[in-house]
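Participant: got a sequence here, can you model it:
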Amino acid sequence: MACRMALLEALYPLTEVSRFRRRYDDDFIDRLNNRYSTFIFVVLGIIISTRQYVGDPITCWAPAQFTHEWVEYTNKYCWISNTYYVPMNENIPNKDENKQHYIAYYQWVPIMIFLQAVLFFTPSMIWKKLNSQSGIHVNKIVSVVGGAEHGSPEVRDKTIRFIIRNLDRALRSQREYRTGCFAQCRQTIAKNCFIIFGKRYGNYLIALYLFVKLLYIGNAVGQLFLLNEFLGDDYHLYGFEVVNEMVQGKNWTTSKRFPRVTLCDFQIRSLGNKIHDYTVQCALPINLFNEKVYIFIWFWLVFISFTTVMNFVLWMWTLFRRNRRQYVRKYLKIMHKNFAKADYTPSKEFCEDYLRQDGIFVLRLIAKNTNDVVVGEIIQAMWEFYKKHHQKTAKAYEEV
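Facilitator: As a prediction, this is how the structure comes out:
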């Protein structure tokens, strides 16, 4: 008990340091989605909200007979109703004619942008909620290792031993103890693909992580088409149109999607139940800013979609059994001077039967959040622990 308390006291400052270092249980592309993108959209939403509710977001050219109160009423009515866009060289349609290019989004732009921020953050919440159910507390492990990265050698050794014992408990508790043909078939399938996955098959974490990656991809691509429905007029092609106009030397800052000048129809009821129809021309200065914002959003969503897809492909490549073995053997050769060809078969069992996919996945996350030296020390210590404790009892587990 005294040794354990001393170890926890040694680890305590490391965990305090890790809180300020903000270690993560994901990679940079995940943070690009759930942290940086969320921050960007929240900031944009605050800026647009400020511009809408501080000042005059719309100003209408009212008839001369309108009093000041009537002009204010016209501005407020045209703001909460849908205006429509007609080019200056075209005739204004009559009230019975079908009006095209209704502008119905400008009141809801801040709400939509805040919703996009929530959508970017949601996959991260799913990952953090479900990965703890695996029994391997990835976030705590990475945080403690991150704190030990700059600690003294003694503290770092204690931290590594502490992590190894916790990982060993988790990996052994998730082992499949049932025997038989069907159990072996399920384990074989789980080692090679994700048709079967779960904690007992050693691939729960990596399967969940890839699922969250797919959520990030679906979110980034889906938001392009969500904005296509919100803004209309093929928004998913907006960036290509802007680039094409810039190449051709045209004015790319004017678009029918974000018109500065629109028309507004409204009716005024007077005494005697008479109804007067009015059509006024309104200026939407907020669209001057909205246009620049949505150009940036288009390019950001395309960038996020591309990088997340490439990151997903890279993670899929690392899941091949050969790549997993090579990853561990690389560190064993660097850190373990006596590692020879005779260790290749035990190292294969170490990767496939002991660490399995989830164990190697945790090591990869540690590498992405710390450095290769720390990961090498952890793999070396786990290799020594495996040969000393687990390898001797491997046959006993097979016979149960």
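Participant: pull out the buried positions in stretch 132-141.
Facilitator: S134, I136, H137, V138, N139, K140, I141 (16 or more other CB atoms under 10 Å). For every residue, glycine as well, the C-beta is placed using N, CA and C.
Participant: got a list of contacts for that stretch?
Facilitator: Contacts of stretch 132-141 from elsewhere in the structure, counted by CB atoms under 8 Å, 6 or more residues apart in numbering, are 23-25, 128, 131, 163, 166-167, 170-171, 173-174, 199, 204-205, 208, 358, 362, 365-366.
Participant: quick one: low-confidence residue ranges for the stretch 251-400 of the chain.
Facilitator: 251-254, 271-272, 321-322, 336-344, 390-400 (pLDDT under 70).
Participant: ok, which stretches of it are helices?
Facilitator: Along the stretch 251-400 of the chain, counting by DSSP state H, counting those that start in this stretch, helices occupy 286-318, 321-335, 344-349, 356-369, 372-385, 391-399.
Participant: now do the buried residues in the second one.
Facilitator: Burial within helix 321-335, assessed by neighbour count using 16+ other CB under 10 Å, is assigned to R324, R325, Y327, V328, R329, Y331, L332, M335.
Participant: which other helices and strands contact it?
Facilitator: Packed against helix 321-335 by the contact rule (3 or more CB pairs under 8 Å, 6 or more residues apart in numbering; DSSP states H and E) you find helix 286-318, helix 344-349, helix 356-369, helix 372-385.
Participant: for S37, find the nearest of the ones you listed.
Facilitator: Nearest of the helices and strands packed on helix 321-335 to S37, taken as CB to CB: helix 286-318 at 6.3 Å.
Participant: what's the angle from that closest one to helix 356-369?
Facilitator: With axes from the mean of the first three to the mean of the last three CA atoms, to 10 degrees applied, the angle from helix 286-318 to helix 356-369 works out at 130 degrees.
Participant: how big is the angle separating helix 286-318 from helix 321-335?
Facilitator: What separates the directions of helix 286-318 and helix 321-335 is an angle of 80 degrees, with the same axes, to 10 degrees.
Participant: just checking, what packs against helix 286-318?
Facilitator: With contacts defined as 3+ CB pairs under 8 Å, 6+ apart, the packing partners of helix 286-318 are helix 28-31, helix 38-53, helix 109-131, helix 204-231, helix 238-247, helix 321-335.
Participant: quick one: closest of these to Y354.
Facilitator: Checking the helices and strands packed on helix 286-318 against Y354 by CB to CB gives helix 321-335 as the closest, at 10.2 Å.
Participant: chain center to that closest one: distance?
Facilitator: Centroid separation for helix 321-335 versus its chain: 29 Å, with CA atoms, centre = their mean, to the nearest Å.
Participant: just stretch 80-100 next, same as before
Facilitator: Worked out by CA atoms, centre = their mean, stretch 80-100 lies 41 Å from the chain centre.
Participant: let's see it as CSV, backbone CA atoms only.
Facilitator: Listed in CSV are the C-alpha atoms of stretch 80-100, where the atom choice follows Å, rounded to 0.1, in the frame of the first residue of the first chain:
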residue,chain,number,x,y,z
ILE,A,80,-38.5,39.1,-40.7
SER,A,81,-40.1,38.2,-44.1
ASN,A,82,-38.5,36.8,-47.2
THR,A,83,-37.2,39.2,-49.7
TYR,A,84,-36.4,38.3,-53.3
TYR,A,85,-33.8,39.2,-55.8
VAL,A,86,-34.5,40.6,-59.3
PRO,A,87,-31.6,41.9,-61.5
MET,A,88,-31.7,45.6,-62.3
ASN,A,89,-32.1,44.8,-66.0
GLU,A,90,-35.3,42.7,-65.5
ASN,A,91,-38.9,43.8,-64.8
ILE,A,92,-40.3,43.5,-61.3
PRO,A,93,-42.9,40.6,-61.4
ASN,A,94,-46.5,41.3,-60.5
LYS,A,95,-47.9,39.9,-57.2
ASP,A,96,-49.6,37.1,-59.1
GLU,A,97,-46.5,36.1,-60.9
ASN,A,98,-44.1,33.5,-59.6
LYS,A,99,-41.1,35.2,-57.9
GLN,A,100,-37.8,33.4,-58.1
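Participant: residues touching that stretch, excluding its own?
Facilitator: So stretch 80-100 is contacted by 101-104, 107, 256, 259, 261-266, 277, 279, 282, 284 (CB under 8 Å, 6+ apart).
Participant: average pLDDT across that stretch?
Facilitator: Mean pLDDT, computed over stretch 80-100, is 75.
Participant: buried set for it?
Facilitator: T83, Y84, Y85, V86, K99.
Participant: okay, now stretch 266-280: how far is its last residue from its first?
Facilitator: Stretch 266-280 has an end-to-end distance of 8 Å (CA to CA, to the nearest Å).
Participant: and it, what's buried?
Facilitator: Those would be Y278, V280, for stretch 266-280 by 16+ other CB under 10 Å.
Participant: tell me the contacts of the nearest residue to K368 once chain neighbours are set aside?
Facilitator: Once flanking residues are discounted, K368 sits nearest to D27: 4.8 Å by CB to CB, 6 or more residues apart in numbering. Contacts for D27 (CB under 8 Å, 6+ apart) come out as N311, L365, K368.
Participant: need phi/psi at D27.
Facilitator: With angles defined as degrees, to the nearest 10, D27 sits at phi -110, psi -180.
Participant: that one and I217, how far apart?
Facilitator: 14 Å (CB to CB, to the nearest Å).
Participant: near the closest residue to Y354 other than its chain neighbours, how many other residues are there?
Facilitator: In space, and not counting its chain neighbours, Y354 is closest to Y386: 5.6 Å by CB to CB, 6+ apart. Around Y386 there are 22 other residues, counting by other CB atoms under 10 Å.
Participant: okay but Y386 is in contact with S347, surely?
Facilitator: No - using CB atoms under 8 Å, Y386 is not in contact with S347, being 9.4 Å away.
Participant: strands - which of the contacts of stretch 80-100 land there?
Facilitator: If you go by DSSP state E, the contacts of stretch 80-100 have Y102, I103, V261, T262, L263, C264, D265, F266, D277, T279, C282 in strands.
Participant: buried subset of those, written for PyMOL?
Facilitator: Remark: buried members of the ones in strands among the contacts of stretch 80-100, expressed as a PyMOL selection using 16+ other CB under 10 Å:
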select buried, resi 103+262+263+264+265+282
